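Novice: Generate coordinates for the sequence data below:
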Amino acid sequence: MNRLPLIVMAVAWIGVFCLLGCAEPAQPVAPSHTAVAYTLGTPLSVIENDPAGNQIILRDVPDVKLNPNYQMSPLNSLLDIENLSGSTIPPQQLARVQVDLAQLSNQEQGVQSPSFVAPPVYTTSFVCEDGNTAVQNAVCQNPQLASLDVQMGALVRQLLGDNDVFERDQVLASQRAWLLGLGAACGLTAAPSNAENAGSIADAGSISCLAGAYQSRIAALQSWTTPQLADADSQGAALAKYVTYKPLDARQPALCQAIGSQAAAALAGDGAIDPARLDGAQELAGSHGPASATDPQGGSIFVDLYRAGLYGGYERRARGVTLSGATAPIINPETLGDYVETLPNGGGRFVNFASQTNDYGAIDVFTYQGQLLALVTDTVGYNSPAPPGEAAVAGVFTISQGAASPACLYETFLMPPPIAMGVFGTQPSLTPFLALITKIEGAPPDHFAPSDRQDLTYFQGELDWTMFYMPLVITAQVQNANWTGWLRSRHDQVLDDLYAWSQKGQQNQTEFNQLFALLTPAATELDTVYVQQQGLTAAQAEQATAIAMMELLYQTTYYLDPGLGAGPIDPADYTNYRPRYPILANPQS
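Specialist: Residues are numbered from 1 along each chain as shown. As a prediction, the model looks like this:
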């Protein structure tokens, strides 16, 4: 057999993330063509008809060869087969190619094929791919469930993006418990054990059960209530310890000085940079107003606002500004970076895009001192676009004659330098304490899929980072919503859970003893870092350390007690809670 190179136009069958807010009906994922090289006469594939009648399925099988008389057109693969044999193939070896079945012979169309045929895949809130659980496979293959999953995912992400870290804890715990119990509740195995199970469509009873569970979950998320803030101003005062408006460039000095000083005062008030709070300013459109408005010249202004993805913390972000009649945005994700690059040494920035998610923390268009202006602000904190040691910035642009021109530039937030960040990895007690936290947390259950864990992993990382490097922001959030009583109640349950876990084996008991032997010295080291490295007062450091220790110990129970701390929680219900343990207590004592 002549071994000539053969190129088959193949289509990778993959799931697609649904961007938040997409409301289209769930549809099968559209294929696209990818070139894949094969060699004639080598073991290749078995071919079978697709149920839809317009595709075939290729599977890698050791004893299948393609006929050397093969021919191919750019979009249609015309295949002639020999030496076929049936086999059961794992789904990860599946690929699809579009073909003209009318040009295949009856003999070829009637080839004996493996028993597993992959059903169509619909758009969901997660990626439909290898390693999905039985529940996820059912959702991927059913348009009703896929549509419900998209709706539920949007609600979860909105709650995660719009609330403080403790509300996020509650959302994540609630969602974790729901996901971990869903398969067993609806009679689906936790994880597929073979190809047939992985690709088979769930029975009608399981589909009905899942649909009901999704509908109930959506209703619960829609009715989620957030607590009233008891002290909103404390958040701004805390944020102002880390964020400022330091002038970097002033092309209109009087304008820049006025905006910078008033913006800093507004930030210290409630933590928001709302141009409407500037004396004499009028907000027209943007992050703190409507998405579009009429400008003073009678045209229209459009600010591109959207819900960022996971690596933007699902926050409400801005991407640009467009004027009516314009062919391109006058402000785009590179505009602020381009301004920074005009400074000496490029302003210390290595790239000119706004952030890793290619957006801004906020854009607001407003009138001030007789000018039409746009305030473009980088994100700060964990989501800052700047690497360690670099600064996040904010820029003011004048809008005139259909263009945006730089006017003012401010440094807003300085990421902690690498040396400071390394402080937490070099402490004799805190470092092994953090390692034990991770070890006790353990590996997630098999039926908690990687896509289910993404939110938990990301927000745990953001919380840890903020606790260590912006601790006053965390303590302000506790004060804002009066979370103290609820935190102490949850912490008591964490200690009970850890003690119960320690009684289930000698290894558990050993790790439990090690953890609590390190607890107090680790807390002392963290307290010292807060005072010496970050300039907190003794009282501020004590409070920040107590919150951090409670949060870190809580992480050990993610899979020991998945629903612990699930919300929604009304902190008023815990105002008079009397803790059973001190924060640094060993529950075994």
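Novice: distance between the ends of stretch 135-151?
Specialist: Start-to-end span of stretch 135-151 (C-alpha to C-alpha, to the nearest Å) is 17 Å.
Novice: and Thr528, backbone torsions?
Specialist: Per-residue torsions, Thr528: phi -60, psi -40 (degrees, to the nearest 10).
Novice: quick one: it from Thr367, how far?
Specialist: The gap separating Thr528 from Thr367 is 50 Å, by C-beta to C-beta, to the nearest Å. Where you see a C-beta, it was placed from the backbone N, CA and C, and this is true even at glycine.
Novice: And Glu542, by the same measure?
Specialist: Distance from Glu542 to Thr367, by C-beta to C-beta: 47 Å.
Novice: again, but for Tyr214
Specialist: Separation of Tyr214 from Thr367 (C-beta to C-beta): 46 Å.
Novice: out of these two, which sits in the more crowded spot?
Specialist: Shown here are Tyr214 and Thr367; by other C-beta atoms under 10 Å, Tyr214 has more neighbours (20 against 17).
Novice: Quick check: chain neighbours aside, which residue is closest to the more buried one?
Specialist: Leu148 (3.9 Å; C-beta to C-beta, 6 or more residues apart in numbering).
Novice: For Arg565, which three-state class applies?
Specialist: Careful, residue 565 is Gly and not Arg. The three-state label given to Gly565 by DSSP: H, G, I helix; E, B strand; the rest coil is coil.
Novice: no no, Phe397
Specialist: Looking at Phe397 with three-state DSSP, the answer is strand.
Novice: Show me what it bridges to in the sheet.
Specialist: Under DSSP bridges, the beta-bridge partners of Phe397 are Ala374, Pro406.
Novice: My guess is it contacts Ala374. True?
Specialist: Yes. Using C-beta atoms under 8 Å, Phe397 is in contact with Ala374, at 4.6 Å.
Novice: quick one: common contacting residues for those two?
Specialist: Common neighbours of Phe397 and Ala374, counting by C-beta atoms under 8 Å, 6 or more residues apart in numbering, are 331, 404.
Novice: so the residue nearest to Tyr214 is in which element?
Specialist: helix 143-162 (DSSP states H and E).
Novice: So which elements touch the helix or strand following that helix?
Specialist: Using DSSP H and E, the helix or strand that follows helix 143-162 in sequence is helix 165-185. Packing partners of helix 165-185 (3 or more C-beta pairs under 8 Å, 6 or more residues apart in numbering; DSSP states H and E): helix 134-140, helix 143-162, helix 204-222, helix 450-469, helix 471-481.
Novice: hang on, the earlier thing: what residues of the helix holding Leu148 count as buried?
Specialist: Neighbour-count burial for helix 143-162 flags 145-161 (criterion: 16 or more other C-beta atoms under 10 Å).
Novice: How far off centre is it?
Specialist: Averaged C-alpha coordinates place helix 143-162 at 13 Å from its chain's average position (C-alpha atoms, centre = their mean, to the nearest Å).
Novice: again, but for stretch 433-451
Specialist: Centroid separation for stretch 433-451 versus its chain: 18 Å, with C-alpha atoms, centre = their mean.
Novice: ok, and what's touching that stretch?
Specialist: Stretch 433-451 has contacts (C-beta under 8 Å, 6+ apart) with 126-127, 131-133, 135-136, 176, 179-180, 183, 190-191, 424, 453, 498, 501, 511, 514-515, 518-519, 522, 552-553, 555-556, 558-559.
Novice: among those, which ones are buried?
Specialist: Neighbour-count burial (16+ other C-beta under 10 Å) applied to the contacts of stretch 433-451 gives 126-127, 132-133, 135-136, 176, 179-180, 183, 191, 424, 498, 501, 511, 515, 518-519, 522, 552-553, 555-556, 558.
Novice: Quick one: residues contacting Asp561.
Specialist: So Asp561 contacts 493, 497 (C-beta under 8 Å, 6+ apart).
Novice: Make sure it is indeed in a strand.
Specialist: No. Under three-state DSSP, Asp561 sits outside any strand and is assigned coil.
Novice: how about a markdown table for the helices and strands packed on helix 165-185, with distance to Gln228 and mean pLDDT added?
Specialist: Below are the helices and strands packed on helix 165-185 laid out as a markdown table (distance: least, C-beta to C-beta, whole Å; pLDDT from 0 to 100):
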| stretch | distance to Gln228 | mean pLDDT |
| --- | --- | --- |
| helix 134-140 | 36 | 90 |
| helix 143-162 | 15 | 94 |
| helix 204-222 | 19 | 96 |
| helix 450-469 | 23 | 89 |
| helix 471-481 | 8 | 93 |
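Novice: Nearest approach to Ala276 belongs to which of these?
Specialist: Ala276 lies closest to helix 143-162 among those, at 20.0 Å (C-beta to C-beta).
Novice: what's the angle from the closest one to helix 450-469?
Specialist: 0 degrees (axes from the mean of the first three to the mean of the last three C-alpha atoms, to 10 degrees).
Novice: Helix 143-162 packs against which elements?
Specialist: Counting contacts by 3+ C-beta pairs under 8 Å, 6+ apart, helix 143-162 packs against helix 134-140, helix 165-185, helix 204-222, strand 300-307, helix 450-469.
Novice: Residues contacting that helix, please?
Specialist: In contact with helix 143-162 (C-beta under 8 Å, 6+ apart) are residues 18, 20-22, 25-27, 122-126, 138-140, 167-168, 171-172, 175, 207, 210-211, 214-215, 217-218, 221-222, 224, 307-308, 313-316, 455, 459.
Novice: Any of the residues you listed buried? List them.
Specialist: The neighbour count (16+ other C-beta under 10 Å) marks 18, 20, 26, 122-126, 138-140, 167-168, 171-172, 175, 207, 210, 214, 217-218, 221, 224, 307-308, 313-315, 455, 459 as buried among the contacts of helix 143-162.
Novice: where do the strands sit along the stretch 301-450 of the chain?
Specialist: 316-323, 362-368, 371-377, 391-400, 403-414 (DSSP state E, counting those that start in this stretch).
Novice: What residues sit buried inside the longest one?
Specialist: Just to be clear, that refers to strand 403-414. By neighbour count with 16+ other C-beta under 10 Å, strand 403-414 contains the buried residues 404, 406-414.
Novice: That strand packs against which elements?
Specialist: Looks like strand 403-414 contacts strand 243-250, helix 253-270, helix 335-340, strand 371-377, strand 391-400 (3+ C-beta pairs under 8 Å, 6+ apart).
Novice: Mind giving me the packing neighbours of the longest one?
Specialist: Here helix 253-270 touches helix 233-239, strand 243-250, strand 371-377, strand 391-400, strand 403-414, going by 3+ C-beta pairs under 8 Å, 6+ apart.
Novice: what mean pLDDT does it have?
Specialist: Across helix 253-270, pLDDT averages out at 89.
Novice: Given the very next helix or strand once past that helix, what are its sheet partners and their directions?
Specialist: Next helix or strand after helix 253-270 toward the C-terminus (DSSP H and E): strand 282-286. Strand 282-286 has the following strand partners under DSSP bridges: strand 362-368 (antiparallel).
Novice: Give me the angle between the partner strand and strand 391-400.
Specialist: Going by the same axes, to 10 degrees, strand 362-368 makes 40 degrees with strand 391-400.
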